[in-house]
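Enquirer: Requesting a structural model of the entry that follows:
(one chain, ligands or ions: 2)
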Amino acid sequence: MTHTADLGSRLQDAHPSLPVVLVGEARLPTTSGTFRALAYRQADGVEYLALVTGDLGDGHDVLVRLHSECLTGDVLGSLRCDCGPQLHAALEAITAEGRGVVLYLRGQEGRGIGLAEKIAAYALQEQGRDTVEANVDLGLPVDARDYTGAVAVLRDLGVRDVELMTHNPVKVRALEAHGVPVLRRRDLPVAQTVDNLRYLRTKRDRMGHELPGVD
Ligand SMILES: Nc1nc2c(ncn2[C@@H]2O[C@H](COP(=O)(O)OP(=O)(O)OP(=O)(O)O)[C@@H](O)[C@H]2O)c(=O)[nH]1
Ligand SMILES: [Zn+2]
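Expert: Numbering: from 1, shown residues only. Ligands and ions are numbered 1, 2, ... in the order given. Below is the predicted model of the structure:
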């Protein structure tokens with residue numbers, strides 16, 4: 001697990017200057033609304049896609065989702081997790097609000113370990129390990145996500161403080177540690193299935209996620 005102390009030291013090491021550049025911007029009509037899509041790239045090649053709706057104005061109290069890439073859930077409709085429904089719920093929430101940002105984090109597939117390693121972790125889960133134990137067995141961090149670039153994108157968009165759509169307290173702490181206050185946390189609907197129940201329970205019981213509705 002990413003402990004608060006580890007997170008704090010990583011954040012202290014984070015470079016304070018803007019490590020991302022805006023590469024392209026276009027209108028993106030989707031089934032969940034029409035967004036302004038802004039594509040950013042970090043010096044190491046990691047890309048970010050910010051889907052923005054409305055006028056962010058003074059940047060205060062912006063409804064935000066930081067969405068970690070999940071190819072299997074977001075694109076393929078995997079039932080091992082709830083990422084796809086969460087992504088679409090977040091896009092629909094900013095559309096309904098008329099103002100907000102969904103920031104798609106391409107460098108965070110598999111909680112930062114990458115797609116191939118996530119599939120290897122799934123194989124261990126089929127042998128009975130939970131999501132945390134599987135990463136440990138592979139010699140990988142349980143959560144390798146870094147939010148420095150995400151914060152840089154939010155700053156570039158003029159976002160100053162946020163209402164964050166998440167159940168994950170580490171995301172809240174990461175934004176706060178980078179100087180982006182989280183005014184409120186907003187729950188997303190949790191799509192519980194027989195295939196993702198253990199994954200959801202592990203997030204609640206071992207990673208501190210706020211998932212009171214999960215049985
Ligand atoms: N390593 C690993 N990553 C997984 C597994 N299942 C899902 N993921 C990845 O987990 C990320 C989503 O993170 P979660 O911890 O499920 O949720 P979160 O985004 O931190 O929390 P919310 O903001 O509440 O959605 C995505 O990048 C998924 O690819 C797994 O079994 N092992
Ligand atoms: Zn997923």
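Enquirer: switch to C-alpha atoms for all contacts and neighbour counts from now on
Expert: Noted.
Enquirer: which parts of the chain sit against ligand 2?
Expert: Cys70, Gly73, Cys81, Cys83 (Cα under 5 Å from the ion).
Enquirer: Now distance to Arg155, pLDDT and neighbour count too, for the residues you listed, in a markdown table please.
Expert: Shown next, in a markdown table, are those (distance: Cα to Cα, whole Å; pLDDT from 0 to 100; neighbours: other Cα atoms under 10 Å):
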| residue | distance to Arg155 | pLDDT | neighbour count |
| --- | --- | --- | --- |
| Cys70 | 24 | 98 | 26 |
| Gly73 | 28 | 97 | 18 |
| Cys81 | 30 | 93 | 23 |
| Cys83 | 25 | 95 | 23 |
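Enquirer: which of those lies closest to ligand 1?
Expert: Cys70 (3.7 Å; Cα to the nearest ligand atom).
Enquirer: of all the residues of the chain next to ligand 2, which two lie farthest apart?
Expert: The span of those, defined through Cα to Cα, is set by Cys70 and Cys81 at 9.0 Å.
Enquirer: hang on, the earlier thing: of the residues of the chain next to ligand 2, closest to Arg201?
Expert: Cys81 (11.2 Å).
Enquirer: Pretty sure the closest one sits in a helix.
Expert: No. Going by DSSP: H, G, I helix; E, B strand; the rest coil, the assignment for Cys81 is coil, not a helix.
Enquirer: how about the spatially most distant residue from the centre of the chain, phi and psi?
Expert: Within the chain, Gln127 marks the point farthest from the mean C-alpha position, 27.3 Å out by Cα atoms, centre = their mean. Gln127 adopts backbone torsions of phi -90, psi 10, taken as degrees, to the nearest 10.
Enquirer: how close does it get to ligand 2?
Expert: In this structure, Gln127 lies at 19 Å from ligand 2, with Cα to the ion, to the nearest Å as the measure.
Enquirer: can you check Leu38 too?
Expert: Separation of Leu38 from ligand 2 (Cα to the ion): 23 Å.
Enquirer: and the host helix or strand of that residue, which strands flank it?
Expert: Per DSSP states H and E, Leu38 falls inside strand 33-42. The strands that strand 33-42 pairs with in its sheet are strand 20-30 (antiparallel), strand 47-53 (antiparallel) (by DSSP bridges).
Enquirer: residues in contact with the shortest one?
Expert: When you say that, I think you mean strand 47-53. Strand 47-53 is contacted from outside by 34-41, 94-95, 98-107, 150, 153, using Cα atoms under 8 Å, 6 or more residues apart in numbering.
Enquirer: What's the PyMOL syntax to select whichever of those residues are buried?
Expert: In PyMOL, a selection of the buried entries from these looks like this (16 or more other Cα atoms under 10 Å):
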select buried, resi 34+35+36+37+38+39+40+41+94+95+99+100+101+102+103+104+105+106+107+150+153
